[in-house]
Each structure stands twice: as structure tokens, then as C-alpha cells.
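Undergrad: okay, predicted coordinates and the sequence, questions at the end:
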There are 2 protein chains.
Amino acid sequence: MDLKISIRLNEKLFLRDPESSDLGQRIFKYGIEMIHKLGLESFTFKKLGEEIHTTEASIYRYFENKHRLLLYIITWYWSYLEYQVVFNVNNMTDTEEKIRRVIDLLTHELDDSLGQIDFNHKALYDIVISESSKAYLSKEVDNNNSDHLFKPYKDLCNRIAVLFSEYNQSYAYPHSLASTVIEAAHFQHYFAQHLPRLTDVRNQNEDQTIQAFLEHLVFSTLREQKGV
Amino acid sequence: MDLKISIRLNEKLFLRDPESSDLGQRIFKYGIEMIHKLGLESFTFKKLGEEIHTTEASIYRYFENKHRLLLYIITWYWSYLEYQVVFNVNNMTDTEEKIRRVIDLLTHELDDSLGQIDFNHKALYDIVISESSKAYLSKEVDNNNSDHLFKPYKDLCNRIAVLFSEYNQSYAYPHSLASTVIEAAHFQHYFAQHLPRLTDVRNQNEDQTIQAFLEHLVFSTLREQKGV
DNA sequence: TAATAATGATAGTAAAACTATCATTTAATT
DNA sequence: AATTAAATGATAGTTTTACTATCATTATTA
């Protein structure tokens, strides 16, 4: 079986679809690589152009600016992750088990067992951890939101919230808990790597510890009021 | 009684102490105002200079760049907040009550009952919500951390973690829970204002709802294992 | 009152963040 | 195979940002 699932992203994210050409795909692939290496602040289209032997101007034909490229990359991640969530949870019957699986997916880098990904997904996960909030923490948020650019994030969040509600119908904050878990999964990683006094997570077993922390957090919170 | 508590911040945050002169204080005060208005990305020292009738060059004598100014502002906030926590919790005996008070402080803008603050503290709180993570999400994190620039944040986090441990000695993740609560307090506000589908918090009673969400989260989590 | 420090005024540089133009290569259509 | 259209490359140029440097002027302090 050699099916290629391709993720269609909102057309407002780009000027020319990067999936549609070799150059576009290189911009995506090496964009991830270079944002990872340089950080968003030092990353420029000029530098990316040099790396992939094209010009600044050519890259500008695909993306309005580097923030849009970041948003595209992050959105790709949200979309793929939601797909993974649906795929993984699909044949499970137990809600608790589903939630555990979701937390597992959130705390580890993307799984490529289907062999879909031809870029550095460790780098992508690192970018998600350290740059993703910059995708929405900007003055363009409201405009971007009107253009539905954050839909994949919201969809993912909502899917998790639905599981929480399924687990405990009387819980009042399923969406807030979902977004908290998603965000916490990321910054606990970041803190473990850079500001260890803000976390109890150690470098060894980083993923598992975060997973354990979040599982405990979620199930304690959801059980508390169960049946009340 | 007319005491002026002044917060001494790490000297590596600035080139010349902004507290020490009228110009420095204007940079701080109107820096908050303008970052709030323009967002960090569009904010420049040139624009700030025009606003306060000084020159770009003069501002550069106080701060290396706008990120340092942001870090200074955010650090000021962490320090003041820790002071508030200590002050407010001081004469309480019940740990649960202390924790509730801390969550209350985290979810509301800074209290100026002492009349210490002569700048827009609503704007400061908004900046903390939408810009503070940019203070550490950069490639300079590790260097900044070596210079102890995040100490106030860590101290605050630690103080909260200690309360959590006091409440339940067997809880394994007090620091992670503390940083999660701090961060969640901010982005739940942000989501309520800009991406409402990521939260259950409404615009009315925003602060109280976030407070209720976090109290429930914290106490459920801490109670779960109590006595285990 | 002299010395010192802070600020203002001005200028300048390097890089970032774009936009524009036109030639050339590649791909699609007839 | 010839024609046309689309994508890319090459080059150049503009505006803004993010600084640094210099020197004159205005406050402070000794």
C-alpha cells in the first residue's frame, strides 16, 4: 500500500502552494531546518535562499513573509497531529485509553510510521515547542483568525475537549483544559531543556515524565467532579 | 506612611539603570505603553524616541535592544508579583487559602493598593499576557539564563511550588504544576480575547472564570494523591 | 568654577524586509 | 513540434530596522 495522504492547508497561508512544486517543497523542508537552526528571529528568506540555491525573491513568491511560513509549518503540524489523533484513537472504545493516547501523541515528536514525512520531524517538533506560540501571539491574530488560519489548532483542541467531556460530562472547562494540556506539553519540554528550575522534568525520560505529569493532571481534574 | 519600595533588577538587564533618571523612567513607562499599542514586532526605539521626545541613540544608552527592554519590563512584573505573593500570603496560616490567594493574584492585573505604580498597569498585564513568553523563547535563553535574568520568574515559580508541596508532600510535580498555572493564567486570557474556541472562558467574568478553572485544576491535582 | 556625566543632534552603516523588472528555463497546450 | 504560459533566476532597487559613532550642549556634582 503506497497511499500518500496530503494535507490541504488554508490557501490564505501562502501565495503559491508550496506542495505544488519542487521549490515549494524545498522551502518547507529547509525552512524547518533553518528556523530550527537559527531561531525565528535570526532566520531570513535571504539565508534560506542561499541554503537551497534560490533567491530571496523566489521565496517571496510562495510566502508573504517569514511569519507566514512559520504559520504554515505550525499549521501543518496541527493538522497532521489531528489526523494522528483520529487515526490512533479510531478503534478504541475506552475514553480513558483514548485520552492517554492523545497525551502520548502530544508529548512525543510526530510519528512517521506511515513514512509520509520527508523532512526532519525532530526539528519540526522543536520548532513547535519553541516557536509555535509566536504564530498567534502577534497583532495580526484577529485578522488571521478571521481568515480561519488557526482552524487546525482549534479543531485539535476541540477534539480533545470532546474526549474530556465524554469522560466527565459535568466538567465545566473541557476546552480550557485541552488548550492547557497542549501548551503545557510544549513548554514543559522547553523548560526541561532551558529553564530546568521551572519544572520537575529531567532530561532523561523527558517525554515520559511530561506524559505522566499531564496524565495525572488531566485525570485528577476530570475525576474530581465525576458524578457530582 | 509614604515608603517607596523599589525593585532592584539584575544589572545585566540594562546598560544604564532606568530607575536612576527621568529619561530612564520615561523609557520604562512609555515603553510599556508603546509595546502594548504596537506589539513587540512593530515596536522600535525610534518610535519610542519620538513619543517621549528623545532620540533613538539615547534609548540605546539604557537598553541594548528592544528585547532587553521587554525582558526588563517582564522581569519587573515577576519581581513585583513575587513581592505581592509574599505580602499577601504572609499572615495566612492555611495553605489552601494561600494557594487561592496566589491564583487570584496570577489571574488579575497587578494590584496597586500601595500606590507604587505610576504607569499603566493594565497595559503591563496585557504585555505579560501577549509578549512575556517571547522573553524566554529565543536563542539567547541559555546565555540570559546564565546571567540569572530569569531568576525572578524562577523564584516566583518556586514559591508557588513550595506551597503545593506544603499542601501535599507526596505530589511529584510541584514546579511543573506551578509553571503550568502561571502560563495558563496568561494564555487563557489571551485565548478568551482572541481565540475563544480554545477556551471556555467568556469575556464577561474573564478573570473569575480563569481563577475558578485554575483553582479546580490545582486542588483536584493536589488532592488526588493526598495521603497516598 | 571646573570637571564629569547625561542628553541631544546629527550622521552613518549593515542588514532585514520587502518590490520590481526582465531574461531564461521548464511545463502545458494546441 | 511549435506556441504559449507559468515558474524561476538574476539583478537591482527602496524603505525600515537595528544599530554605532561623534561632537556639541546641558545638567550635576565636586
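TA: Okay, I see it. None of the values given here were measured: they were computed from a predicted structure. Numbers count the residues shown, from 1 in each chain, chains lettered A, B, ... in the order given.
Undergrad: DNA strand D contacts on chain A?
TA: A:16, A:20-24, A:53-58, A:61-62 (C-beta under 7 Å from any atom of the strand). Placement of C-beta: from N, CA and C, glycine included.
Undergrad: ok, and which of these reach DNA strand C?
TA: A:56-57.
Undergrad: got the residues of chain A next to DNA strand D as TSV, with neighbour count, pLDDT and secondary structure columns?
TA: As requested, these are arranged in TSV below (neighbours: other C-beta atoms under 10 Å in any protein chain shown; pLDDT from 0 to 100; DSSP: H, G, I helix; E, B strand; the rest coil):
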residue	neighbour count	pLDDT	secondary structure
A:16	15	97	coil
A:20	11	94	helix
A:21	12	95	coil
A:22	7	96	helix
A:23	17	97	helix
A:24	19	97	helix
A:53	8	96	coil
A:54	17	97	coil
A:55	13	96	coil
A:56	13	97	helix
A:57	9	97	helix
A:58	15	97	helix
A:61	14	97	coil
A:62	22	98	coil
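Undergrad: now the nearest residue to residue A:121 once chain neighbours are set aside: how far from residue A:99?
TA: Setting aside the residues directly before and after it, residue A:121 is nearest to residue A:110 in space (C-beta to C-beta, 6 or more residues apart in numbering or on different chains), at 4.8 Å. The spacing between residue A:110 and residue A:99, counted by C-beta to C-beta, to the nearest Å, is 19 Å.
Undergrad: kindly indicate which of the residues of chain A next to DNA strand D lies nearest residue A:208.
TA: In terms of C-beta to C-beta, no member of these lies closer to residue A:208 than residue A:24, at 37.0 Å.
Undergrad: residue A:27 and residue B:207: what is the separation?
TA: According to C-beta to C-beta, residue A:27 stands 43 Å off from residue B:207.
Undergrad: between the two, which one's more packed in?
TA: residue A:27 (27 against 16; other C-beta atoms under 10 Å in any protein chain shown).
Undergrad: tell me the contacts of that one?
TA: A:18, A:48, A:52, A:59, A:62-63, A:69 (C-beta atoms under 8 Å, 6 or more residues apart in numbering or on different chains).
Undergrad: out of those residues, which sit inside helices?
TA: A:48, A:59, A:69 (DSSP state H).
Undergrad: how deep is the nearest residue to the first one once chain neighbours are set aside tucked in, by neighbour count?
TA: Spatially, and ignoring its direct neighbours in sequence, residue A:48 is nearest to residue A:34 (5.3 Å; C-beta to C-beta, 6+ apart). Residue crowding around residue A:34 was assessed by other C-beta under 10 Å; the count is 22.
Undergrad: in what helix or strand does residue A:34 lie?
TA: Per DSSP states H and E, residue A:34 falls inside helix A:22-42.
Undergrad: please save the CA atoms from that helix in PDB.
TA: Extracted in PDB, the C-alpha atoms of helix A:22-42 (Å, rounded to 0.1, in the frame of the first residue of the first chain):
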ATOM      1  CA  ASP A  22       9.900  21.200  -6.100                       C
ATOM      2  CA  LEU A  23      11.000  24.700  -5.000                       C
ATOM      3  CA  GLY A  24       8.000  25.000  -2.700                       C
ATOM      4  CA  GLN A  25       8.700  21.700  -1.100                       C
ATOM      5  CA  ARG A  26      12.300  22.700  -0.500                       C
ATOM      6  CA  ILE A  27      11.200  25.900   1.100                       C
ATOM      7  CA  PHE A  28       9.100  23.900   3.500                       C
ATOM      8  CA  LYS A  29      11.700  21.300   4.200                       C
ATOM      9  CA  TYR A  30      14.700  23.600   4.600                       C
ATOM     10  CA  GLY A  31      12.600  26.300   6.100                       C
ATOM     11  CA  ILE A  32      12.000  23.900   9.100                       C
ATOM     12  CA  GLU A  33      15.700  23.100   9.100                       C
ATOM     13  CA  MET A  34      16.800  26.700   9.200                       C
ATOM     14  CA  ILE A  35      14.200  28.100  11.600                       C
ATOM     15  CA  HIS A  36      15.300  25.300  13.900                       C
ATOM     16  CA  LYS A  37      18.900  26.200  13.500                       C
ATOM     17  CA  LEU A  38      18.700  29.900  13.600                       C
ATOM     18  CA  GLY A  39      15.500  30.600  15.600                       C
ATOM     19  CA  LEU A  40      12.800  32.700  14.000                       C
ATOM     20  CA  GLU A  41      14.400  36.000  14.900                       C
ATOM     21  CA  SER A  42      17.600  35.400  13.000                       C
END
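Undergrad: residues of it that come out buried?
TA: A:23-24, A:26-36, A:39-41 (16 or more other C-beta atoms under 10 Å in any protein chain shown).
Undergrad: out of those, which is nearest to DNA strand D?
TA: If you rank the buried residues of helix A:22-42 by distance to DNA strand D using C-beta to the nearest atom of the strand, residue A:23 comes first, at 3.3 Å.
Undergrad: which ones are touching that closest one?
TA: A:52, A:54, A:58, A:62.
Undergrad: wait, the third one sits on residue A:49?
TA: Yes: under the criterion of C-beta atoms under 8 Å, residue A:58 lies in contact with residue A:49, with a separation of 7.0 Å.
Undergrad: and residue A:82, what element?
TA: Going by DSSP H and E, residue A:82 is part of helix A:66-89.
Undergrad: how far off helix B:22-42 does that helix point, in degrees?
TA: Here helix A:66-89 points in a direction 60 degrees away from that of helix B:22-42 (axes from the mean of the first three to the mean of the last three C-alpha atoms, to 10 degrees).
Undergrad: which residues of chain A lie near DNA strand C?
TA: Counting by C-beta under 7 Å from any atom of the strand, chain A sits next to DNA strand C at A:42, A:44-47, A:56-57, A:60, A:64-66.
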